[in-house]
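[1] One predicted model, sequence on top.
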Amino acid sequence: EYPSSRLRTYSEGNDFRINVPENWREVNNGGDATFAPEGAYGNVQGQFVYTHGTQVGFHRAASRNLRTATEQFINELAQGNRNLQGSSAYQRATIANRQGLITSLSNISEITGEQEVVSIATLLLSNGDLFYMVFVAPRNDFNNYLPTFQRIMREVAVNQ
């Protein structure tokens, strides 16, 4: 089911507030906040995976440079997923009314075995944390999700 145009607001304590399609739900993956439509997530070999949706969280950055911190974050993600590969350059992005970065990667879904696009948007916070948003959809469906992903990124509020 495609994302609803009507949004629902979730708050993660005092850390951030995010608007996601009302037909998505928050999925407990034991860590960061993940929002996905029903049927688009599960466990593969004990690891939480999703085929459509977004994951939002904070990562302790080892660098005070946004690009370097983003590259380190992506490298850590790639260690747990050998199919994750860079496919585009970094671009400036507005996240929570602040200057951030976004890049797109390609991946093979552990659930479907099909190509997917993984876009990662990041923002470096004054406390040294990297706020990140990971957007995932199958390659052949990504453009149908892109307006929703852009709206989520534009409307998120980060309280740091």
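    Perfect, thanks for sending it. Numbering: from 1, shown residues only.
[2] Could you say which helix or strand holds the residue nearest in space to the middle of the chain?
    Closest to where the C-alpha atoms of the chain average out (Cα atoms, centre = their mean) is residue 134, at 1.3 Å. Residue 134 is part of strand 129-138 when elements are defined by DSSP states H and E.
[3] And that strand, what does it pack against?
    Contact analysis of strand 129-138 by 3 or more Cβ pairs under 8 Å, 6 or more residues apart in numbering; DSSP states H and E lists strand 53-60, helix 66-79, strand 115-124, helix 142-155 as its packing neighbours. Where you see a C-beta, it was placed from the backbone N, CA and C, and this is true even at glycine.
[4] How about the residue nearest to the centre of the chain, nearest residue that isn't a chain neighbour?
    In this structure, residue 134 finds its nearest non-sequential neighbour in residue 55, 4.4 Å apart by Cβ to Cβ, 6 or more residues apart in numbering.
[5] for residue 123, same thing?
    Leaving out its chain neighbours, the residue that sits closest to residue 123 by Cβ to Cβ, 6+ apart is residue 100, at 4.0 Å.
[6] Which residue of the chain lies farthest from its centroid?
    Checked against the mean C-alpha position of the chain, the extreme residue using Cα atoms, centre = their mean is residue 45, at a distance of 21.5 Å.
[7] which ones are touching that one?
    Residue 45 makes contacts with residue 110, as judged by Cβ atoms under 8 Å, 6 or more residues apart in numbering.
[8] Regarding it, what are the backbone dihedral angles?
    Listed backbone geometry of residue 45 is phi 50, psi 40, with angles given as degrees, to the nearest 10.
[9] any idea how far it is from residue 105?
    21 Å (Cβ to Cβ, to the nearest Å).
[10] swap in residue 11?
    Residue 11 sits 29 Å away from residue 105, going by Cβ to Cβ.
[11] One more: residue 96?
    22 Å.
[12] repeat for residue 85
    6 Å.
[13] Of those two, which one has the most company?
    Of the pair residue 85 and residue 105, residue 105 is the one with more neighbours under other Cβ atoms under 10 Å, namely 21 against 12.
[14] Need the per-residue pLDDT for residue 29.
    pLDDT recorded at residue 29 is 64.
[15] please begin residue numbering at 14 from this point
    That works, and once the first residue is 14, the last one we named lands at residue 42.
[16] what comes up buried for stretch 84-91?
    For stretch 84-91, a neighbour-count test (16 or more other Cβ atoms under 10 Å) marks 84, 85, 86, 87, 90 as buried.
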